[in-house]
Every structure is written in C-alpha cells, then in structure tokens.
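Undergrad: any chance you could fold what I've pasted below:
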Amino acid sequence: MAAAMRVADAEGVGALSMRRLATELDSGVMSLYRHVANKDALLTAITRAACEEHPYPEPAPSDWREAMRLAARLDWEVYRAHPWALVTSSSARHFSDTSCLDWMEDALVGLTDDPDLARSFSIAVWSYVQGVCIQHVSQQLLPGGDKAEQSPLRATEEDFELGLEILLDGMEQRAERAGAPRAGTGSARRFATFTRP
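TA: Purely as a prediction, here's the structure:
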C-alpha cells in the first residue's frame, strides 16, 4: 500500500490506477490482481492505511469533550497528510467503515444516552473537521489555482480549534435541551481493533 499512497500523495487519486501502480512497483498489472481486486478495493485499502497512521486510542478518554477534541485532531492530521482521503473517506463505494462514528458515539455516553443524538453529534464533528481541512488542502486537490494562504476563507489552526470548541458548546446545549442525562463517563462498549475513514 505504501507505493499506492505515494502515488496518491504526489499525483492525486485520479492518477492512481492498477497500471500506474504496476509501473511504480516495476511489476505486471495482472500480478497485482492477486492482491487487490480492483481500483475501488485499492482506494479502500489506502484509505484504511492512511487512517491507521493516526488511530483512535482504546480506551477513549473518559471525558466526552476531550474524546471529541482528540478524534478531531487525529482526523485533521490524516487529511493534512493525505488530502485525497477527504474524498475517498466520504465515498461509500470506496470506504464504508463506520468505526470512527461508533467510537465517537461510544465516547459521548457522558453527554447523552440517546444513540440517535450521539450519532448526529459524531457526524457533526467529523463533518466539521473535513470542512475546515479542505481549505488547507484545496490547492493539492485542485492544483494550478491561487496559493492556499491567499484564500480569504482559509481557516487557521486557531480558527479550527475555536470552531471546534463552539461546536462542542452547542452539542452540550442541545443535549441539555433534549433532557439527556449527563451522569457517568466511559462506556460499556469497547472495540478490540479500530480503523476509521
């Protein structure tokens, strides 16, 4: 997977194909199909590999805010290192592992015991990170435009941190309005292994 990730990092996933990877590995195309079924499977594999570079810890922090901060920062690092993961991790065809959302929902037990609300909160945090990070990596996804620092909408890391805290404040207020109990921390559900988009 390392060779495929190198191609994707340098040229984008549009340039990654079985033939291109075979050239990179100085191998025959047909020999690759013994290891990877097709390009979709290849994209799934490299997305998983990118996420495994910054895995969510087990157990999760007992404080739900700290858990959300940690998840956001780990995803931030994945997307900055591998901008193409913003695209592949959002595609059901290329990646459908929901372990990240399960982990976040699990960590939110100290905020709410409503699984639907916890899932919505988890998606909100995950989507927030993607939205802010795409401003940082847009020039790598769409080369040839203005420099990233010239964008009037480009968020700084300080903006990222502040926006995350505002989002967490809103989640807490929403949980309180819903009457969700906040007693307790941690969770009864844990995962032996974890990979995420």
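
Undergrad: now the terminal residues of stretch 88-104, how far apart.
TA: 20 Å (C-alpha to C-alpha, to the nearest Å).

Undergrad: now that stretch: mean pLDDT?
TA: Averaged across stretch 88-104, pLDDT comes to 82.

Undergrad: who does the lengthiest helix in the chain touch, helix- and strand-wise?
TA: The single longest helix within the chain, with elements called by DSSP state H, is helix 115-141. When contacts are defined as 3 or more C-beta pairs under 8 Å, 6 or more residues apart in numbering; DSSP states H and E, helix 115-141 packs onto helix 64-81, helix 85-88, helix 99-107, helix 157-177. C-beta coordinates here come from the backbone N, C-alpha and C atoms, glycine included.

Undergrad: so for residue 134, which of those sits nearest?
TA: Closest to residue 134 of these is helix 85-88 (C-beta to C-beta; 5.8 Å).

Undergrad: run the chain-centre distance for the closest one.
TA: 8 Å (C-alpha atoms, centre = their mean, to the nearest Å).

Undergrad: sorry, back to before: could you tell me the least trusted of the helices and strands packed on helix 115-141?
TA: When I compare the helices and strands packed on helix 115-141, helix 85-88 is least confident, with a mean of 88.

Undergrad: tell me which residues in that helix are buried?
TA: 85, 86, 87, 88 (16 or more other C-beta atoms under 10 Å).

Undergrad: same for that helix, what does it pack against?
TA: helix 39-52, helix 64-81, helix 115-141.

Undergrad: hmm, who's touching the first one?
TA: The contact list for helix 39-52, computed with C-beta atoms under 8 Å, 6 or more residues apart in numbering, reads 1-2, 4-5, 8, 13, 16-18, 21, 36, 78, 81-82, 85, 88-89, 91, 93-95, 97, 100, 195-197.

Undergrad: related to what we said a few turns ago, with distance to residue 157 added, can I get the buried residues of helix 85-88 in a markdown table?
TA: Shown next, in a markdown table, are the buried residues of helix 85-88 (distance: C-beta to C-beta, whole Å):
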| residue | distance to residue 157 |
| --- | --- |
| 85 | 19 |
| 86 | 17 |
| 87 | 22 |
| 88 | 24 |
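
Undergrad: among the residues you listed, which one sits closest to residue 57?
TA: residue 85 (19.5 Å).

Undergrad: just send the helices and strands packed on helix 85-88 back as CSV, with distance to residue 109 and mean neighbour count too.
TA: Formatted as CSV, those follow (distance: least, C-beta to C-beta, whole Å; neighbours: other C-beta atoms under 10 Å):
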stretch, distance to residue 109, mean neighbour count
helix 39-52, 23, 20
helix 64-81, 7, 20
helix 115-141, 8, 18
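
Undergrad: could those be laid out in JSON lines, adding distance to residue 157?
TA: Below are the helices and strands packed on helix 85-88 laid out as JSON lines (distance: least, C-beta to C-beta, whole Å):
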{"stretch": "helix 39-52", "distance to residue 157": "20"}
{"stretch": "helix 64-81", "distance to residue 157": "8"}
{"stretch": "helix 115-141", "distance to residue 157": "9"}
